[in-house]
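# got a structure for you, letters missing:
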């Protein structure tokens, strides 16, 4: 039996007021993976990290028993935070395995990645 611990996490650069809330539910994932072997699948986080360096906030927010519960929780949090409407969030969607119907406008992408302060 493999150990499987899906989790949600928060990544942030406080000096730039940029944030990302995500979920990890891969086979054999574990919260100890965060920012040691797992650095998020978001291309926006990767680009921001490359430009501005490592985040100073790296937190596992909640651990789950199964993938579905972790995905539903991430969706609930992203909607509560209104990440699609707020440029301080690098998140593009409310996720649930990427709902592209509700996503940020493409012209705002460069603003999020290139501005260091909101």
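On my side now, so go ahead. All values derive from a computational prediction rather than experimental measurement.

# Does the host helix or strand of residue 48 pack against any helices or strands, and if so which?
Element membership for residue 48, per DSSP states H and E: helix 43-52. Identification of packing neighbours for helix 43-52 by 3 or more CB pairs under 8 Å, 6 or more residues apart in numbering; DSSP states H and E yields strand 7-13, strand 18-24, helix 109-114. C-beta here means a position set from N, CA and C on the backbone, and glycine is covered the same way.

# will you turn those into CSV that also has mean pLDDT and distance to residue 37?
Formatted as CSV, the helices and strands packed on helix 43-52 follow (pLDDT from 0 to 100; distance: least, CB to CB, whole Å):
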stretch, mean pLDDT, distance to residue 37
strand 7-13, 98, 13
strand 18-24, 97, 11
helix 109-114, 55, 24
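
# mind putting the ones you listed in TSV, distance to residue 60 included?
Supplementary listing: those in TSV, determined by distance: least, CB to CB, whole Å:
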stretch	distance to residue 60
strand 7-13	5
strand 18-24	9
helix 109-114	24
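
# and of the ones you listed, who's closest to residue 56?
Smallest distance to residue 56 across the helices and strands packed on helix 43-52 (CB to CB): 6.5 Å, for strand 7-13.
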